[in-house]
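Student: A structural model of the following input is requested.
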Amino acid sequence: MSIAPPHSQPEAHPSPAKRPHVQDQAPSSDDTPGKLFDSFPDGADLTLRSNDSHEFSVPRLYIVHSSPVLAKLVRNHSADDDDSTSGTSDSEDSESESSYAPVEIPYNRTTLSSLLTFIFPVPATLPSTPEQVMELLSAAQKYEMHTVLTRIRDRLSRQVPPFIRPENAFHIYSLAQQYGLRDEARQAARTSLTLSMTFDDLDDELEIMSGAFLHELWKYHQRIRGNLLLDLLEFRTNDARETLKDQHCVKLSNLGIPSWLDEYIESIAKNPASFDLTTFHLSLMRHTSPTTPGSSSCPSCASISSETIHDFWEALTAVVNNSFGRVSPSE
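Tutor: Numbers count the residues shown, from 1 in each chain. Here you go, the predicted model:
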């Protein structure tokens, strides 16, 4: 799965005295990582070096304002340089060299380049693979870049197709757990609820997930289903009946609500993927327009108002979200 780099205008940033000199357009998909940061002729007074030895000359002010961790690292680095160059006769040259002495950053060129695009007033770009994206998020989290982390997650949330989706949910969950990214782990775990956790269906995932993460995710699925079973039983007994009190279905369950609806709600606990408005409407349509010989339609359910459906779905959504919210994948 690849993530196409977004091509949008740069977002607004606080403006230091000097801005880096960069190209005006977003880089094309074939631009090499870090191209925007290969050279800053104006105001570059700090050099960052990736762990694969690529250097980025940038204005220090942006870096220290973006991260308290990097600000401390830069201060300590400058102090070390000052100590090592003190006492030399060529003090002016030494100061110039020390200001450009590289600060080592333990991430590769791709990650560091992308991270810088979310700091500087340039078109923000995401890496091309899920692994690189997760490392980018990890770097922003490690350096306590709260604003940058929010911007990255916002950009990911607007990806089409979504960054986290059923076909990569197990992989993203595994990466999120490795990097300690709780938000992404929670999103991936919830997305994975639409998938089966049987060994036959997990055959391919066993190669990319550790046994510990897989077991943790399985326990999460079990806790979610346990919560749903209890919460939905209470909903079927009370709220659902109250919401549909004016309906006169031809076939009621023993809880006093339409049987088709009772069966649908019960199915969500067994398969959370059933919690879907389209699936709900299909269940209603099968009830009101039966195809089984001898079955009759239900005029009452066929005439349920959109307002009643809206109220019912809103109440059901609150119950399901509450069940999901009480469980964390890391518990």
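
Student: which SS class is residue 283?
Tutor: helix (DSSP: H, G, I helix; E, B strand; the rest coil).

Student: can I assume it is in contact with residue 260?
Tutor: Yes. Assessed by CB atoms under 8 Å, residue 283 is found in contact with residue 260 at 5.7 Å. All C-beta spots, glycine's among them, are computed from the backbone N, C-alpha and C.

Student: what is the burial count for residue 55?
Tutor: 17 (other CB atoms under 10 Å).

Student: in the protein, which helix is the longest?
Tutor: What stands out as the longest helix in the chain, according to DSSP state H, is helix 211-237.

Student: and that one, how far from the chain's centre?
Tutor: Centroid separation for helix 211-237 versus its chain: 21 Å, with CA atoms, centre = their mean, to the nearest Å.

Student: what mean pLDDT does the following helix or strand past that helix get?
Tutor: Using DSSP states H and E, the helix or strand that follows helix 211-237 in sequence is helix 239-243. Averaged over helix 239-243, pLDDT sits at 84.

Student: residues contacting helix 239-243, please?
Tutor: Here helix 239-243 makes contact (CB atoms under 8 Å, 6 or more residues apart in numbering) with 255-257, 261-262, 265, 308, 311-312, 315-316, 319.

Student: can you give me the buried ones in the helix or strand that it is followed by?
Tutor: For helix 239-243, the following helix or strand on the C-terminal side (DSSP H and E) is helix 259-270. For helix 259-270, the neighbour count (16 or more other CB atoms under 10 Å) marks 259-262, 264-269 as buried.

Student: tell me where the stretch 101-250 of the chain has strands.
Tutor: All strands of the stretch 101-250 of the chain, identified by DSSP state E, counting those that start in this stretch, fall at 103-104.

Student: where does it dip in pLDDT?
Tutor: Across the stretch 101-250 of the chain, the ranges flagged by pLDDT under 70 are 197-207.

Student: and if we set it to 90?
Tutor: Counting by pLDDT under 90, the stretch 101-250 of the chain shows low-confidence ranges at 101-102, 121-122, 166-167, 170, 192-218, 237-250.

Student: lowest-confidence one in the buried residues of helix 259-270?
Tutor: Ranking the buried residues of helix 259-270 by pLDDT, residue 269 lands last with 88.

Student: that one reaches residue 225, doesn't it?
Tutor: Yes. Residue 269 lies in contact with residue 225 (CB under 8 Å); the separation is 5.8 Å.

Student: excluding sequence neighbours, find me the nearest residue to the spatially most central residue of the chain.
Tutor: The residue lying closest to the centre of the chain (CA atoms, centre = their mean) is residue 184, at 4.5 Å. Sequence neighbours aside, residue 176 is the residue nearest to residue 184 in space, at 3.9 Å (criterion: CB to CB, 6 or more residues apart in numbering).

Student: let's see stretch 180-196 as CSV, backbone CA atoms only.
Tutor: Extracted in CSV, the C-alpha atoms of stretch 180-196 (Å, rounded to 0.1, in the frame of the first residue of the first chain):
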residue,chain,number,x,y,z
GLY,A,180,4.1,3.0,21.2
LEU,A,181,1.5,4.9,19.2
ARG,A,182,-1.6,4.4,21.2
ASP,A,183,-4.0,6.4,19.0
GLU,A,184,-3.0,4.4,15.9
ALA,A,185,-3.2,1.1,17.8
ARG,A,186,-6.7,2.0,19.0
GLN,A,187,-7.9,2.9,15.5
ALA,A,188,-6.4,-0.1,13.9
ALA,A,189,-7.8,-2.4,16.6
ARG,A,190,-11.3,-1.0,16.1
THR,A,191,-11.0,-1.3,12.4
SER,A,192,-9.9,-4.9,12.8
LEU,A,193,-13.3,-5.6,14.4
THR,A,194,-14.7,-6.0,10.9
LEU,A,195,-12.4,-9.0,10.3
SER,A,196,-12.4,-12.5,11.6
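
Student: contacts for it?
Tutor: 134, 137-138, 141, 153, 164-166, 169-170, 172-173, 175-177, 201-202, 217, 220-221, 224, 272-273, 324, 328-330.

Student: packing partners of the longest helix of the chain?
Tutor: Using 3 or more CB pairs under 8 Å, 6 or more residues apart in numbering; DSSP states H and E, the elements in contact with helix 211-237 are helix 169-179, helix 259-270, helix 306-325.

Student: mind listing what's buried in the first one?
Tutor: What it means is helix 169-179. Neighbour-count burial for helix 169-179 flags 169-177, 179 (criterion: 16+ other CB under 10 Å).

Student: now, which of those residues sits nearest residue 108?
Tutor: Checking those against residue 108 by CB to CB gives residue 179 as the nearest, at 14.7 Å.
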